[in-house]
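Engineer: could you work out the structure for the sequence below:
(2 chains)
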Amino acid sequence: MVSTILIVLVSLIFGGIIIRTKSILSGRKGPGMFQPMHDIIRLFRKGSVYSYTSSFITQIAPLVYFSSVVIATLFIPFGQQKGVFSFQGDFILFAYLLTVGKFMMIVAALDSGSSFEGMGASREVLFSALIEPAFFITMGSFTLLSGKISLAEIFANVHYNSHLSYFIGFLAAIILMLIAMVENSRMPVDDPKTHLELTMIHEVMILDYSGFDLGLILYTTYLKFAMYGALIANFFIGQLPLVQSIAVFLGIQVLFAIMIGIIESFMARFRMNHNPQYILILSSLSLLIFLGILMFLGKII
Amino acid sequence: MNKYFLKIKNNQAVPVPSIPVYDYEVFYSYCYGLLQNKKRYHCVNYFGYRIESDITLIMVIADDGEQCLYVAASRIPNNTRLKSFAGSLSAMEKFEREIHEQFGIEFTDHPWLKPVRHSSSSLNSYVFFSSDSEELHEVGVGPIHAGIIEPGHFRFICNGEQILSLEIQLGYQHRGIESLMVNKNNILQRTLLAENIAGDTTVGHTTAFANLWESLEGYNTPYDLHFCRTLAQEIERIAMHTADLSALCADVAYQLGNAVFGRLRTPIINFFQEWSGNRFAKGLIRPGKVLYPFSDTLAQRLLKVLDDFETDFVEMGEQLFSLPSALSRFEKTGTLDSNTALRCGFVGMVARTCNLSRDIRHSHPYNLYGKTLSHEPIMLNSGDVFARAFLRYKEVIQSIEYLRILVNYLPNKFTKQSSLSGMASKNTLVVSLVEGWRGEICHCAITDHQGKVIVYKIKDPSFHNWKALELAVRNNEISDFPICNKSFNLSYCGHDL
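Structural biologist: Take a look at the predicted model:
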């Protein structure tokens, strides 16, 4: 429960921190911390417009997307505390809940009948399919390390008692961060700021959404970020007392958002055909974790 | 072959009867003879005008070797079928399409007489190039865009993410500027029209008009007018090139470059504001007079602005052109080779990035070029997005040097009162060429026996170079189209007129 409350709280300022970082780094005054949320609230007050070619899919997709992410956050534990739901093998459900949401968005993009949106959908499917191994190899390695197969138990049993395991935790945090950036269509794979339909991935899929639906989609993105941030934080909380672990949690979330801001400020985005290579690198990094854990457990060498 | 043509200089007024008039077959063979040597000669304008029921075709060919222009004419009756230049010279295809659109002349072996500006046919009946393949798909973009781009329709035929063919349909901005230029009979009205041919090339087009009009009246342009025009052109070049670099960074999502180049453009256009009260230099150039004298104080200000600008510009440029992630987007994207550039007659920056020397400042000097400033075109040879970005960077640095030279030659006095009468010489032709920041701008005017303008022909470099974009994106990824488009940054309204 604690984690869900904290995730929702963080999601309210997550976008603001990214935007502040980017505007400070480019020497601009920039909008305030709460501007992204103000925008979303403004959108919530507006009605939606639907294209004549679209069906009910377009109308329910944002809701399914939003609720799938909300349910997924309920699985996230917080240090020693379990999430709202927790059972054996829940991390598989967790991953596929997120996929359900994404699937609905892809179907809705095809439903809109626009030639751009189909293009965006095809890109999104490709990149999602490529990113999946990275997540499962990482999480699978940790089930091996902890000998448990639920998210709560995995994180409760991550003990850092040697230098090697610190390294593994750090690597896992980096991989999850990069996965979160791909899943949320940020740089260097996708550019959330672009106005050019032909280069977009996620943005072009939501091109036909307006008002309440658009607000919901935008908010879900921040919620997803905060959720991945919570997963990363769990690698470091371990068995800290509650107050300290809340501080660590918030610190990691802020750091996560600032890192995204820095990455987005100082590099250009990839050419579209370099994206698959980049995403596959994440899978090979997660294999490093797997090997590290095998060594750690003495199963090889 | 040259002797069959009337030889003139840039901005030289010549009597219309001195232009040799031939039968179309003879005219064709003479022009063809020159244009075959594509490296040295290129067609700067080819247009027609109607006198009673006959149509007169005027061909203006630039000789880059001898710094002169060759003019010839042909009179043809209405509703004729003619052999087309475009059958063997691709660079002529758009000129002939325009003549076909305006006068209904059929060109027999023209590859495709599709409309240029829709002045006569409607978009609804327009048939795009298409493919029957089940494997390929078409993507249509525009004329309404997500950003603040001008209207134009882009039709792609793609194999997955790969572009096989792009067809660009323009004409949505057609305002009838050429006929307005003829119908208005007041210099100020015409100047204002020239300022608004393309909002981003205000100085370029207004200079072309002002130079042309002064020649048309037989006015001997004083030094201070030349000075202000040259200065303004180089400032405009710096401002627009910097803005383009900023936009290129935005298109590859490189935020730092976008923000820094964007900020750097501001002091430059603010200098225009200090000088003339308008950031886009509207009102700065007028035929026959200088409304805003360039004082010594302004010169000192300009040097200060340039010093501050140059430090940051060079630093940011070095960052950008050594950043691996940006280079991987720029290099080998949207490549044109020099043969294509030569064959299709590209001009200006696009030609110079393909190792093809096309620069009016060098080949047909006007104003202070060739006198105070001896201009050497900067040439690159890779013809990709990188070359077009890097050329802008180098040209900005070159322009800064030119401005520093120019302020040493401040005029002593300024012509504040115009002595132009508004009446052009009778039966006269003037061709005015200007190297705007995009490339060669050409204005032509012809007057009748009363001194009334009967033809005013405008050609923006975009008229040639839109074809370059169509060819450059072939076999590229469709997601790289926006950056290719931005690297050319062609004018829609300059093309549509």
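Engineer: return the residues of the stretch 51-200 of chain B in contact with chain A.
Structural biologist: Contact residues (Cβ under 8 Å from any Cβ of the partner chain) of the stretch 51-200 of chain B with chain A: B:137-141, B:146-147, B:161. Quick note: C-beta positions are derived from backbone N, CA and C, even for glycine.
Engineer: wait, is residue B:72 part of a strand?
Structural biologist: Yes - if the criterion is DSSP: H, G, I helix; E, B strand; the rest coil, then residue B:72 is within a strand.
Engineer: so how far is residue B:7 from it?
Structural biologist: The gap separating residue B:72 from residue B:7 is 11 Å, by Cβ to Cβ, to the nearest Å.
Engineer: try residue A:276
Structural biologist: For residue A:276, the distance to residue B:7 equals 60 Å [Cβ to Cβ].
Engineer: could you do residue A:124 as well?
Structural biologist: For residue A:124 relative to residue B:7 (Cβ to Cβ), the value is 62 Å.
Engineer: I'd say residue A:28 and residue B:259 touch.
Structural biologist: Yes - counting by Cβ atoms under 8 Å, residue A:28 does reach residue B:259; the two are 6.4 Å apart.
Engineer: the more surrounded of those two?
Structural biologist: Higher neighbour count among residue A:28 and residue B:259: residue B:259, with 21 against 13, using other Cβ atoms under 10 Å in any protein chain shown.
Engineer: neighbours around residue B:413, how many?
Structural biologist: 10.
Engineer: ok, residue 54 - contacts?
Structural biologist: This is for chain A. Residue A:54 makes contact with A:108, A:111-113, A:208 under the criterion Cβ atoms under 8 Å, 6 or more residues apart in numbering or on different chains.
Engineer: chain B is the one I meant
Structural biologist: Residue B:54 touches B:75-78, counting by Cβ under 8 Å, 6+ apart.
Engineer: how far away is it from residue B:48?
Structural biologist: Taken as Cβ to Cβ, the span from residue B:54 to residue B:48 is 10 Å.
Engineer: show me where chain B has strands.
Structural biologist: B:6-8, B:14-15, B:21-22, B:41-51, B:54-63, B:68-76, B:81-82, B:106-107, B:137-141, B:153-159, B:162-169, B:428-435, B:440-447, B:453-459 (DSSP state E).
Engineer: alongside chain B, which residues does chain A contribute?
Structural biologist: A:22, A:25-28, A:115-116, A:119, A:187-188, A:191, A:193-199, A:207, A:264-274.
Engineer: in the residues of the stretch 51-200 of chain B next to chain A, which residue is surrounded by the most others?
Structural biologist: Going by other Cβ under 10 Å, residue B:141 tops these with 24 neighbours.
Engineer: which one is it nearest to, not counting chain neighbours?
Structural biologist: In space, and not counting its chain neighbours, residue B:141 is closest to residue B:154: 4.4 Å by Cβ to Cβ, 6 or more residues apart in numbering or on different chains.
Engineer: the one you found is in contact with residue B:143, isn't it?
Structural biologist: No - in this structure, residue B:154 is not within contact of residue B:143 by Cβ under 8 Å, at 9.1 Å.
Engineer: among those two, which residue is more densely surrounded?
Structural biologist: When residue B:154 and residue B:143 are compared for neighbours, residue B:154 comes out ahead with 21 against 18, by other Cβ under 10 Å.
Engineer: for the chain, give me the ranges with low pLDDT.
Structural biologist: Using chain A. A:159-164, A:301 (pLDDT under 70).
Engineer: hmm, I had chain B in mind actually
Structural biologist: For chain B, the ranges with pLDDT under 70 are B:119-124, B:146.
Engineer: show me the domain layout of it.
Structural biologist: According to automatic domain parsing, chain B comprises the domains B:2-107, B:205-458.
Engineer: out of those domains, which is the most enclosed?
Structural biologist: Per-stretch averages of neighbours, counted by mean count of other Cβ atoms under 10 Å in any protein chain shown, single out domain B:205-458 among the domains of chain B, with a mean of 20.
Engineer: so is that one next to chain A?
Structural biologist: Yes - against chain A, domain B:205-458 shows contacts by Cβ under 8 Å from any Cβ at B:249-256, B:258-260, B:263, B:323, B:325-326, B:328-329, B:333.
Engineer: show me what contacts the closest residue to residue B:227 other than its chain neighbours?
Structural biologist: Leaving aside its sequence neighbours, residue B:227 sits nearest to residue B:411 (Cβ to Cβ, 6+ apart; 5.3 Å). Counting by Cβ under 8 Å, 6+ apart, residue B:411 touches B:223-224, B:227, B:294.
Engineer: one more: residue B:202?
Structural biologist: With contact taken as Cβ under 8 Å, 6+ apart, residue B:202 is in contact with B:195-196, B:236, B:280-282, B:284.
Engineer: nearest to chain A among these?
Structural biologist: Nearest to chain A, judged by Cβ to the nearest Cβ, of the contacts of residue B:202 is residue B:280 at 22.5 Å.
Engineer: might one say that that closest one is in contact with residue B:199?
Structural biologist: Yes - taking contacts as Cβ under 8 Å, residue B:280 lies within contact range of residue B:199: 6.7 Å.
Engineer: leaving out the residues flanking it, which one is nearest to the residue of the stretch 1-150 of chain B found nearest chain A?
Structural biologist: For the stretch 1-150 of chain B and chain A, the shortest gap (Cβ to the nearest Cβ) falls at residue B:147, measuring 4.0 Å. Nearest in space to residue B:147, with sequence neighbours left out and distances taken as Cβ to Cβ, 6+ apart, is residue A:195 at 4.0 Å.
Engineer: isn't that neighbour up against residue B:253?
Structural biologist: No - using Cβ under 8 Å, residue A:195 is not in contact with residue B:253, being 11.3 Å away.
Engineer: ok, the nearest residue to residue A:137 once chain neighbours are set aside - how many residues close by?
Structural biologist: Of all residues not flanking residue A:137 in the chain, residue A:286 sits nearest, at 4.0 Å (Cβ to Cβ, 6+ apart). Here the number of neighbours of residue A:286 (other Cβ under 10 Å) works out to 24.
Engineer: contacts for the helix or strand encompassing residue A:286, please.
Structural biologist: Per DSSP states H and E, residue A:286 falls inside helix A:275-296. Helix A:275-296 is contacted by residues A:126-127, A:130-131, A:133-135, A:137-138, A:140-142, A:144-145, A:162, A:164-165, A:167-168, A:171-172, A:174-175, A:178-179, A:182, A:188-189, A:270, A:300-301 when judged by Cβ under 8 Å, 6+ apart.
Engineer: export it to PDB, keeping only CA atoms.
Structural biologist: What follows is helix A:275-296, C-alpha atoms only, in PDB (Å, rounded to 0.1, in the frame of the first residue of the first chain):
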ATOM      1  CA  ASN A 275      16.900   1.400 -32.400                       C
ATOM      2  CA  PRO A 276      16.600  -2.400 -32.500                       C
ATOM      3  CA  GLN A 277      20.400  -2.700 -32.000                       C
ATOM      4  CA  TYR A 278      20.200  -0.400 -29.000                       C
ATOM      5  CA  ILE A 279      17.300  -2.300 -27.500                       C
ATOM      6  CA  LEU A 280      19.100  -5.600 -28.000                       C
ATOM      7  CA  ILE A 281      22.000  -4.300 -26.100                       C
ATOM      8  CA  LEU A 282      19.700  -4.000 -23.100                       C
ATOM      9  CA  SER A 283      19.100  -7.800 -23.400                       C
ATOM     10  CA  SER A 284      22.800  -8.500 -23.600                       C
ATOM     11  CA  LEU A 285      23.300  -6.400 -20.500                       C
ATOM     12  CA  SER A 286      20.700  -8.300 -18.700                       C
ATOM     13  CA  LEU A 287      22.600 -11.500 -19.700                       C
ATOM     14  CA  LEU A 288      25.500 -10.000 -17.800                       C
ATOM     15  CA  ILE A 289      23.400  -9.900 -14.700                       C
ATOM     16  CA  PHE A 290      22.400 -13.500 -15.300                       C
ATOM     17  CA  LEU A 291      26.000 -14.600 -15.600                       C
ATOM     18  CA  GLY A 292      27.000 -12.500 -12.500                       C
ATOM     19  CA  ILE A 293      24.300 -14.300 -10.500                       C
ATOM     20  CA  LEU A 294      25.400 -17.700 -11.700                       C
ATOM     21  CA  MET A 295      28.900 -16.900 -10.600                       C
ATOM     22  CA  PHE A 296      27.700 -15.500  -7.300                       C
END
